[in-house]
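S.K.: Pasting a predicted model and its sequence here:
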Amino acid sequence: MTEKILPVLYSFRRCPYAMRARMAIRYSNIKVELREVALSNKPTAMLQASSKGTVPVLVDTDGSVIDESLDIMFWSLRQNDPHHWLQNSHRTEIDTLIQLNDSLFKLDLDHYKYSDRFPENPPLFYRQQGERFLDLLEQRLSHQSFLINNTVTLADVALLPFIRQFAMVDIRWFESSPYPALRLWLANWLESELFLSVMLKQTFWPHNQQEQSPPVIF
């Protein structure tokens, strides 16, 4: 019996971009071959597929390559979106929130998390810069269950890994921070079956093509 050829997803467990791509794929119930890569020793096959050298990278069964996490999410949801994460009637609002996250907030997050690389300001300064976005999300969540309305949308899943990363820089501060609605939103996601299922540890995909191991079907 011939094995079905699956799309291949190059991923790294802790990368926030890869996290949101995996969540969309799992939610859409699309089977892929998951290849966990060591970012310090990127496999040749991944670099041949995408010279960017960053995860996630999806190689579809027709050989086409998608190497942006949001594009992978759209690829998944356009095939199967059972709970209507795309919510096209709110598309502008969703896109705006994701754009803010992926640009200004991501910059603040990197400065805060790696503050030793940016000694021109103390860590507190960078945290306060990032809190401008947290405050925006807190205002939204103070009167609704999710970021756009009372149902999950693409925005919630696209932002989740980055808010998690910001919180983890100083979890004691975050747990007492003035963002109770955001803390509850994050805690619910981190305890969700969907999130836990995509965060299972995987062994690194072999770099040596002579190494044989069964594929990880995700």
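M.R.: Thanks, I have it. Residues are numbered from 1 along each chain as shown.
S.K.: C-alpha from now on. contacts and neighbour counts both.
M.R.: Noted.
S.K.: how does this protein divide into domains?
M.R.: The chain resolves into domains spanning 8-83+197-217, 88-193 when parsed by automatic domain parsing.
S.K.: Redo these as TSV? Include mean pLDDT and mean neighbour count.
M.R.: Compiled in TSV, the domains of the chain are given as follows (pLDDT from 0 to 100; neighbours: other CA atoms under 10 Å):
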stretch	mean pLDDT	mean neighbour count
domain 8-83+197-217	92	17
domain 88-193	97	16
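S.K.: what sits against M19?
M.R.: 13, 161, 198-199 (CA atoms under 8 Å, 6 or more residues apart in numbering).
S.K.: and if you look at Y112?
M.R.: 123-124, 126-127, 130, 166, 169.
S.K.: Would you tell me which one of these comes nearest to V57?
M.R.: Set against V57, the nearest of the contacts of Y112 by CA to CA is F166 (23.9 Å).
S.K.: host element of that closest one?
M.R.: helix 154-169 (DSSP states H and E).
S.K.: Tell me where the protein has helices.
M.R.: With helices called from DSSP state H, the chain shows them at 16-27, 44-49, 69-79, 91-100, 106-113, 123-141, 154-169, 171-175, 180-190, 193-198.
S.K.: can I get those helices in CSV with distance to I5?
M.R.: CSV is the format used below for the helices of the chain (distance: least, CA to CA, whole Å):
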stretch, distance to I5
helix 16-27, 16
helix 44-49, 16
helix 69-79, 17
helix 91-100, 33
helix 106-113, 36
helix 123-141, 41
helix 154-169, 28
helix 171-175, 42
helix 180-190, 32
helix 193-198, 21
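S.K.: Of all the ones you listed, which one is nearest V8?
M.R.: Checked against CA to CA, the stretch from these lying closest is helix 44-49, at 9.8 Å.
S.K.: gap between the closest one and the chain center?
M.R.: 21 Å (CA atoms, centre = their mean, to the nearest Å).
S.K.: ok, residues contacting that helix?
M.R.: Residues outside helix 44-49 that contact it (CA under 8 Å, 6+ apart): 10, 53, 57, 59, 65, 207.
S.K.: For V8, which non-adjacent residue is closest in space?
M.R.: E33 (4.7 Å; CA to CA, 6 or more residues apart in numbering).
S.K.: Specify the beta-bridge partners of that neighbour.
M.R.: V8, I217 (DSSP bridges).
S.K.: Spit out the contact partners of it.
M.R.: Residues near E33 by CA under 8 Å, 6+ apart: 6-9, 215-218.
S.K.: now it: how far from R22?
M.R.: Separation of E33 from R22 (CA to CA, to the nearest Å): 11 Å.
S.K.: and if you look at A155?
M.R.: Taken as CA to CA, the span from A155 to R22 is 15 Å.
S.K.: How about I30?
M.R.: Distance, I30 to R22, by CA to CA: 10 Å.
S.K.: Also V8?
M.R.: 12 Å.
S.K.: And the contacts of Y112, which is closest to L136?
M.R.: Among these, G130 lies closest to L136 (CA to CA), at 10.4 Å.
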